[in-house]
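Peer 1: sequence and predicted structure, then a few things I'm wondering about:
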Amino acid sequence: MTETTPQRTASRADAAPAHAAPARRVDDATVEQAVRRALELAALGPVTGGNPQVGCVLLDAEGRTVAEGWHHGAGTPHAEIDALSKLPVPHDARGLTAIVTLEPCNHTGRTGPCSEALIAAGVARVVYAVADPGANSSGGGARLREAGVEVDGGVLEAEAEFFLRRWLTAVRRGRPWVTVKWASTLDGRAAAADGTSQWITGPAARQRVHEQRSASDAILVGTGTVLADDPSLTARGDGGELLAAQPMPVVIGETAVPADAVLRSHPRGLIETGTRDLAAVLADLDARGLRRVYVEGGPTLASAIIAAGYADEYLVYLAPALLGGEKLALGDLGIRTIGEARRLRVTGVEQLGDDLLITAEPAEPAEPVDPAASAAPASTTAVSTTAASTTAVPSTEEN
Ligand SMILES: NC(=O)c1ccc[n+]([C@@H]2O[C@H](COP(=O)([O-])OP(=O)(O)OC[C@H]3O[C@@H](n4cnc5c(N)ncnc54)[C@H](OP(=O)(O)O)[C@@H]3O)[C@@H](O)[C@H]2O)c1
């Protein structure tokens, strides 16, 4: 990707930006309205690709919007730079208030530090909602203050935290956000006695799964599912066409993927881990910038992920059918008594055709959040990638 940070001209650099407080301080209600607008702008950016969705609004002293921007994806200008480039005189923001959903970054990755760009543009005040938890990218607020810019953090923090929770969780824990999905009958069976499971649910539910695949960086399956179903794991539209965004398929387990597996012709290629070591696999995916993973089973892999405390979100498709028998959607979770049950909080119930989609999250995060984890080095466990496009997406720290 090309470096797209806008270049300032010599004359702009000479025009010493004034960081004096704005002539009139934008009032709190206007600032909050602008944060909400910045969150709407942030949502226009891609959900996949390793970088956070961020929006920015530039206000004049009267609280009027002068420019807006958002982050369009890894390797492209950050939201602040996008907004600065849209000013009547690009990158001349003297006296303006910058509203950003995430603390401006303070590091050079594929683009330059936003803190420096805001200082150079002459912004007088910066308001952000959520502090940047990145080990290398944080500190933008402090840098701005040091340069004489007025900085307010934590405005509408709860809303922005919720909006960014998948990315924030990934960065704070140093591993991807993990969504576990399965389809089962009402009696909790994921396959028939002969191992067949296509199709438990109807077309509307299956189409939703394709959309969810497309909104993920990677799809994880165990070797058992590959051998039983020979799945393609592509994200497809209702006409069977490939959707624009395809997740990277990842096969977990020690068994080799057969040479003639359909998965070998996936448009993103294939990551064959050759291991059952979930911590190593997740660390490796995080290092590749694969921050949202969608676990499609089967029961053994899903159970191992849940038992290890890695499941951040559950998507359970329930079909109005009964299969009975032993092919349960989940196996042993290491729970011996009812008091150890993993309690979930239902976040959504939706009917899709004849099926139900229940969305849930752990009632309590199963795994402690460790901010220091984002500074942990990437795993060195070898995972092989055979891919049409194996380009590793840099982690957020390098965006
Ligand atoms: N209804 C659904 O939503 C759904 C979804 C997917 C599959 N299925 C059905 O599920 C059945 C396959 O079930 P499955 O449980 O065998 O599939 P699986 O979970 O995909 O694969 C199990 C294998 O994964 C490997 N593995 C990787 N990490 C592991 C870990 N941490 N702990 C233990 N094993 C690990 C092991 O094989 P190695 O020896 O290679 O390490 C294990 O035998 C099929 O009938 C399929 O149709 C249903």
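Peer 2: Received it, and whenever you're ready, just let me know what you need.
Peer 1: domain map for the protein?
Peer 2: Here the chain is described, according to automatic domain parsing, as comprising the domains 10-163, 173-398.
Peer 1: now check the last one, is it near the ligand?
Peer 2: Yes: applying CB under 6 Å from any ligand atom, one finds that domain 173-398 is in contact with the ligand at 182-184, 190-191, 195, 197, 200, 221-225, 228-229, 252-255, 276, 278, 296-301, 304. C-beta here means a position set from N, CA and C on the backbone, and glycine is covered the same way.
Peer 1: on that earlier part again, winner for burial among the domains of the chain?
Peer 2: Between those, domain 10-163 has the highest mean count of neighbours, a mean of 20, where neighbours are mean count of other CB atoms under 10 Å.
Peer 1: surely residue 150 meets residue 125?
Peer 2: Yes: between residue 150 and residue 125 there is a contact under CB atoms under 8 Å: 4.2 Å.
Peer 1: quick one: average pLDDT of stretch 336-355?
Peer 2: Averaged over stretch 336-355, pLDDT sits at 96.
Peer 1: quick check: end-to-end length of that stretch?
Peer 2: 31 Å (CA to CA, to the nearest Å).
Peer 1: secondary structure class for residue 318?
Peer 2: Put simply, residue 318 is strand when judged by DSSP: H, G, I helix; E, B strand; the rest coil.
Peer 1: and it, what does it touch?
Peer 2: 183-186, 355-358 (CB atoms under 8 Å, 6 or more residues apart in numbering).
Peer 1: also residue 300?
Peer 2: Going by CB under 8 Å, 6+ apart, the list of residues near residue 300 reads 222, 224, 331.
Peer 1: what lies in contact with the top helix by length along the chain?
Peer 2: Determined from DSSP state H, the single longest helix within the chain is helix 28-42. Helix 28-42 has contacts (CB under 8 Å, 6+ apart) with 26, 52-57, 59, 63, 65, 68-71, 79, 97, 99-101, 127, 129, 152, 155-156, 159-160, 163.
Peer 1: now, which of those lie within helices?
Peer 2: Using DSSP H, these in helices are 79, 159-160, 163.
Peer 1: export the residues you listed as TSV, with columns for pLDDT.
Peer 2: Formatted as TSV, those follow (pLDDT from 0 to 100):
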residue	pLDDT
79	96
159	96
160	96
163	95
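Peer 1: just curious, which of these is nearest to the ligand?
Peer 2: Among the ones in helices among the contacts of helix 28-42, residue 163 lies closest to the ligand (CB to the nearest ligand atom), at 28.7 Å.
Peer 1: grab the nearest non-local neighbour of that closest one.
Peer 2: Nearest residue to residue 163, sequence neighbours excluded (CB to CB, 6 or more residues apart in numbering): residue 39, at 5.6 Å.
Peer 1: pLDDT score assigned to the residue nearest to residue 199 when sequence neighbours are not counted?
Peer 2: Distance criterion CB to CB, 6+ apart; nearest residue to residue 199, sequence neighbours excluded, is residue 206 at 6.4 Å. In this prediction, residue 206 carries a pLDDT score of 96.
Peer 1: likewise for residue 25?
Peer 2: 88.
Peer 1: show me where the stretch 151-300 of the chain has strands.
Peer 2: Applying DSSP state E, counting those that start in this stretch to the stretch 151-300 of the chain gives strands spanning 177-185, 218-222, 248-252, 270-272, 292-295.
Peer 1: any chance of a markdown table for these, columns distance to residue 321 and mean pLDDT?
Peer 2: Formatted as a markdown table, the strands of the stretch 151-300 of the chain follow (distance: least, CB to CB, whole Å; pLDDT from 0 to 100):
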| stretch | distance to residue 321 | mean pLDDT |
| --- | --- | --- |
| strand 177-185 | 5 | 97 |
| strand 218-222 | 23 | 98 |
| strand 248-252 | 28 | 98 |
| strand 270-272 | 32 | 97 |
| strand 292-295 | 23 | 97 |
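Peer 1: could I get the ones you listed as a markdown table with distance to residue 33?
Peer 2: Listed next are those as a markdown table, based on distance: least, CB to CB, whole Å:
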| stretch | distance to residue 33 |
| --- | --- |
| strand 177-185 | 29 |
| strand 218-222 | 37 |
| strand 248-252 | 39 |
| strand 270-272 | 44 |
| strand 292-295 | 30 |
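Peer 1: quick one, which of these is nearest to residue 317?
Peer 2: Of all the strands of the stretch 151-300 of the chain, the one in closest proximity to residue 317, counting by CB to CB, is strand 177-185 (4.0 Å).
Peer 1: can you name every helix or strand that that closest one contacts?
Peer 2: Here strand 177-185 touches helix 165-173, helix 203-214, strand 292-295, helix 299-307, strand 313-319, going by 3 or more CB pairs under 8 Å, 6 or more residues apart in numbering; DSSP states H and E.
Peer 1: closest to residue 90 out of the ones you listed?
Peer 2: Comparing the helices and strands packed on strand 177-185 by CB to CB, helix 165-173 comes nearest, at 28.2 Å.
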